[in-house]
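> give me the fold of what follows.
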Amino acid sequence: MMKPSTILDGATEFAAKRILVTGGTKGIGEAVANRLRAGGGNVLTTARSVPAGGSPEHFIQADVSTRAGADHIIKSVLDRFGGLDILVNAVGGSAAPGGGALALTDEIWQQELELNLLSAVRLDRGFLPAMLKQGSGVIIHVSSIQRTLPLHDATLAYAAAKAALTNYSKGLSKDVGPRGIRVNSVAPGFTETEAATRLIERLATQAGTDTAATRQDLMNSLGGIPLGRPNRPDEVAELIAFLASDRASSIMGSEYVIDGGNIPTI
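Coordinates of the predicted model:
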């Protein structure tokens, strides 16, 4: 049993842990990767291209939304680490057009499912054998509050894929939990990433107003955020770090919402 002082030492809590964070070059994924590295973890991230100024040894260049990309990531991690202790499936997003359900073609649906659901399924399947062999491991899926609050006009396919991810995550926890693998999910609400900040600035310019008013309009369009502001990426990363750590050793098969009170139900 670990001593409390060791568990609470933020600089060493992930020492010697082999970690992969998908989508780890921007937004929530980048914040998670930085937080786990700060805790001493040996962290790899995925990216379609190595970001400017990034260290190539920390990245695996691949498109995680494709089967070939997932296979490349699995092989690269296992070749380098020989196994994996923590997998954070943080990649996600939507490129679907607005216009509601009738604007979504089969191709768009498939793209949204590949990125937001099947990428996680494939990586889990690739790394679970090694985790099961060692009898330990943590898998965290980043879902979204849109799984219960879908924005039907803009991101319906994304929301449906995230709902499926949450359901899959719960089922997986029942399967592998008794064999030492903890599976949980995190559902962020509106999070002000760099991309969201750029969107707010662009909308403010188009409307001839300031960013504070535009940010409030966006929050209002989501039904309001009682906290009065969006999440920060580092806040979501801190929740994920807790769930990945030994401090959360009895938490399994759960989903944690972090949305500033946006969802109006319990």
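> wait, what's in contact with residue 128?
For residue 128, the contact set (Cβ atoms under 8 Å, 6 or more residues apart in numbering) comprises 137, 139, 176, 181. Yep, even glycine has a C-beta here, placed from its N, CA and C like the rest.
> number of nearby residues for the third one?
Pointing back at residue 176 there. 18 (other Cβ atoms under 10 Å).
> gap between it and residue 83?
Distance of residue 176 to residue 83, given as Cβ to Cβ, to the nearest Å: 15 Å.
> same question, the second one
Applying Cβ to Cβ, the value for residue 139 to residue 83 is 13 Å.
> find residues that contact each of the two.
127, 131.
> tell me the pLDDT of the residue nearest to residue 158 when sequence neighbours are not counted.
Leaving aside its chain neighbours, residue 158 sits nearest to residue 94 (3.7 Å; criterion: Cβ to Cβ, 6 or more residues apart in numbering). On the pLDDT scale, residue 94 is placed at 85.
> and residue 94, what does it touch?
112, 116, 154-155, 157-158.
> off-centre distance for the lengthiest strand in the chain?
Criterion DSSP state E: the longest strand present in the chain is strand 181-188. What separates the centre of strand 181-188 from the centre of its chain is 9 Å, taken as Cα atoms, centre = their mean, to the nearest Å.
> next: stretch 127-138.
The mean C-alpha position of stretch 127-138 is separated from the chain mean by 20 Å, Cα atoms, centre = their mean.
> avg pLDDT for it?
98.
> make 25 the first number, not 1, from now on.
That works, and once the first residue is 25, the last one we named lands at stretch 151-162.
> low-confidence stretches in the stretch 75-224 of the chain?
Flagging of the stretch 75-224 of the chain using pLDDT under 70 yields the residue ranges 77-78.
> first to last residue in stretch 194-207, what's the distance?
Distance between the boundary residues of stretch 194-207 (Cα to Cα, to the nearest Å) amounts to 8 Å.
> so what's the residue sitting nearest the centre point of the chain up against?
Residue closest to the average C-alpha location in the chain (Cα atoms, centre = their mean): residue 114, at 2.2 Å. Going by Cβ under 8 Å, 6+ apart, residue 114 touches 45-48, 52-53, 56, 166, 264.
> that one and residue 240, how far apart?
Residue 114 is 27 Å from residue 240, where distance means Cβ to Cβ.
> so the protein: which segments form each domain?
28-215+256-282, 216-254 (automatic domain parsing).
> all the strands of the stretch 75-224 of the chain, residue numbers only.
83-85, 110-113, 161-166, 205-212 (DSSP state E, counting those that start in this stretch).
> wait, residue 143 touches residue 115, no?
Yes. Judged on Cβ atoms under 8 Å, residue 143 makes contact with residue 115 at a distance of 5.8 Å.
> who touches both of these two?
Contacts common to residue 143 and residue 115, judged by Cβ under 8 Å, 6+ apart, are 46, 88-89.
> which one (most neighbours) among these?
Neighbours here mean other Cβ under 10 Å. Within the shared contacts of residue 143 and residue 115, the largest count is held by residue 46, at 28 neighbours.
> and it, what's its pLDDT?
As predicted, residue 46 sits at a pLDDT of 96.
> same question for residue 29.
For residue 29, pLDDT reads 40.
> so residue 163 and residue 107 - more neighbours on which side?
Ranked by neighbour count (other Cβ under 10 Å), residue 163 and residue 107 place residue 163 first, with 25 against 15.
> what residues are bridge-paired with the more buried one?
Taking DSSP bridges, one obtains residue 111, residue 207 as the residues bridged to residue 163.
> got the contact list for it?
110-111, 113, 148, 151-152, 155, 196, 205-208.
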